[in-house]
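1. turn this into a structure:
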Amino acid sequence: MANEEKITVNNGAVYDARELGIPRMLVLGIQHMFAMFGATVLVPALTGLSVSSTLLFAGIGTLLFHFISKGKVPAFLGSSFAFLAGYAAIAPNGEKELLPYACLGVACAGLIYLILAVLIKAFGESKVMRFFPPIVTGPIIIGIGLSLSKSAVDNCSTNWLIALIAILIVIICNVSGKGMIRIIPIIIGVLGSCIIAVLIALLFGEVITGSDGIEYITIGGVENLRLFSSASIQAISDASWIGLPFQMSDTVFSIFKNPDSKLIISAIVTIVPISLATIVEHIGDISAISSTVDRNFIKDPGIHRTLTGDGLATIIASLFGAPANTTYGENTGVLSLSKVYDPRVIRIAAVFAMVFSFSPKVAACISAIPTPVMGGISLVLYGMISAVGVRNIVENNVDFNKTRNVIIAAIILVLSIGITYSSAGAINIPVGGIVISLSGLAVGSLAGIILNAVLPVKDYKVEE
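-> As a prediction, the model looks like this:
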């Protein structure tokens, strides 16, 4: 009863999760792990990197980020999608011998974070953050959620019935639930829809070979009513309980036994420029988290600290053959739903991720969560991210009667979403025989920053 009173006093927001008790904190940590898991393991699945090492260094990177940011920012660092084009350029088919070179390029990209952090520390964040007022960060945050929405819808389309069940469970728990149920809608949505999927599979399941050549357990043999992939179920049976997350042959250090200098240069030149886009995304994510939690993390602990934490986490992860790290919008969505803003909960999720990285069996179980379940959960979370961006604009009283503000928001949104969903999926710039790909979000963000700097009549001061 005392816990509920504290929650009420804070208008539903909990800034110190210890008042909820250790068992509830653990459950909240697991919820955050579920939220980041689908997207985090998707990057190694697409690139050929190790899933277990991805989990390990997502956890390590998150803890390092929290240490550097004084434990104040409730952010989880998962796999970055921004560098997918870089991995594809160096190791287009996930070649094991080429991936370490791509990882070296990503590690060098992480150094750009540190350089910018030093400049911000030296000259002050106000000189940098004046380029990121709410009219820029708000639409960027909206663009982050909408750019991710396609993957959520695609996942839902594999079985809309199960996806809708997951969505409804989350909505009911969040709107009508009380106490702990309202705080952990994501984990209840995942577990509840998985249990229903298992029951349906036992009663009406039929194995078919999908159009992609993969065997699925479906409802009545209908391909767009998939439940589980047969391979994921077999993987649970085959996986061992304990195993090492990575092998030294997969790390950057393996390159130096017989280095290819041309490939090293190519990887660095191709991948390092992507960091300019991811830095903008980082600032947008920190703005989103600040808006969600109602704390100015750009001022305290400072954007230079969050950039340093993100950069170091990316460097360390890449050196050991894991994807680049980035602050995760999925977990920002969880913060919005649960209203538990204590960074301790995120650190619990990080520890769980590290523990599970040493258990291929557990990782296989989590990987077996039906695609439509993750799609339904993601659909809610990505929508929450965009809603945070709208709130950022509204709460800062951005005046859309001014043409400059309308133009800036319009350009950011159209470029971010339009390029993302275009046939190319990115802006490809040929440079000296190689192609540098800029994501829609990167192009939209850069365009918004430039327009805000050159268009007159600014109506927002950094001090506000």
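
2. quick one: secondary structure of Ile429?
-> strand (DSSP: H, G, I helix; E, B strand; the rest coil).

3. separation between the residue lying farthest from the centre of the chain and Ser367?
-> In the chain, Leu203 marks the outermost C-alpha relative to the chain mean, sitting 35.5 Å out by Cα atoms, centre = their mean. Applying Cβ to Cβ, to the nearest Å, the value for Leu203 to Ser367 is 24 Å. All C-beta spots, glycine's among them, are computed from the backbone N, C-alpha and C.

4. cool, Ala453 as well?
-> Relative to Ser367, and taking Cβ to Cβ, Ala453 is found at 44 Å.

5. please apply the same query to Leu164.
-> 23 Å.

6. would you state the helices of the stretch 1-150 of the chain in chain order?
-> Taking DSSP state H, counting those that start in this stretch as the criterion, the stretch 1-150 of the chain carries its helices at 2-9, 22-47, 51-68, 84-90, 99-123, 125-129, 134-156.

7. which residues sit in contact with the nearest residue to Ser193 once chain neighbours are set aside?
-> Computed as Cβ to Cβ, 6 or more residues apart in numbering, the closest residue to Ser193 that is not its neighbour in sequence is Ala166, at 3.9 Å. Applying Cβ atoms under 8 Å, 6 or more residues apart in numbering, we find Ala166 in contact with Gly189, Val190, Gly192, Ser193, Pro372, Val373, Gly375, Gly376, Ile377.

8. rerun at 7 Å
-> Gly189, Ser193, Val373, Gly376, Ile377 (Cβ atoms under 7 Å, 6 or more residues apart in numbering).

9. just the buried residues out of these, in ChimeraX syntax.
-> Buried residues among the contacts of Ala166 (16 or more other Cβ atoms under 10 Å), as a ChimeraX selection:
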select :189,193,373,376,377
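
10. between the contacts of Ala166, which is nearest Ser423?
-> Gly376 (27.5 Å; Cβ to Cβ).

11. could you give the average pLDDT over the host helix or strand of that closest one?
-> Per DSSP states H and E, Gly376 falls inside helix 371-395. The average pLDDT within helix 371-395 is 80.

12. roughly how far apart are the residue nearest the centre of the chain and Ile346?
-> Geometric centre of the chain, nearest residue: Tyr328, 3.2 Å, by Cα atoms, centre = their mean. Taking Cβ to Cβ as the measure, Tyr328 and Ile346 are separated by 10 Å.

13. what do the two both touch?
-> In contact with both Tyr328 and Ile346: Phe76, using Cβ under 7 Å, 6+ apart.

14. show me where the stretch 351-464 of the chain has its helices.
-> 360-367, 371-395, 403-420, 440-454.

15. wait, which of those helices is closest to Lys70?
-> helix 371-395 (22.9 Å).

16. tell me the helices and strands packed up against the closest one.
-> With contacts defined as 3 or more Cβ pairs under 7 Å, 6 or more residues apart in numbering; DSSP states H and E, helix 371-395 has these neighbours: helix 22-47, helix 134-156, helix 160-176, helix 185-204, helix 274-293, helix 329-338.

17. in a markdown table, list the helices of the stretch 1-150 of the chain along with mean neighbour count and distance to Asp294.
-> Compiled in a markdown table, the helices of the stretch 1-150 of the chain are given as follows (neighbours: other Cβ atoms under 10 Å; distance: least, Cβ to Cβ, whole Å):
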| stretch | mean neighbour count | distance to Asp294 |
| --- | --- | --- |
| helix 2-9 | 12 | 15 |
| helix 22-47 | 21 | 19 |
| helix 51-68 | 24 | 19 |
| helix 84-90 | 21 | 33 |
| helix 99-123 | 21 | 23 |
| helix 125-129 | 15 | 18 |
| helix 134-156 | 23 | 14 |
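
18. alright, I will stop here.
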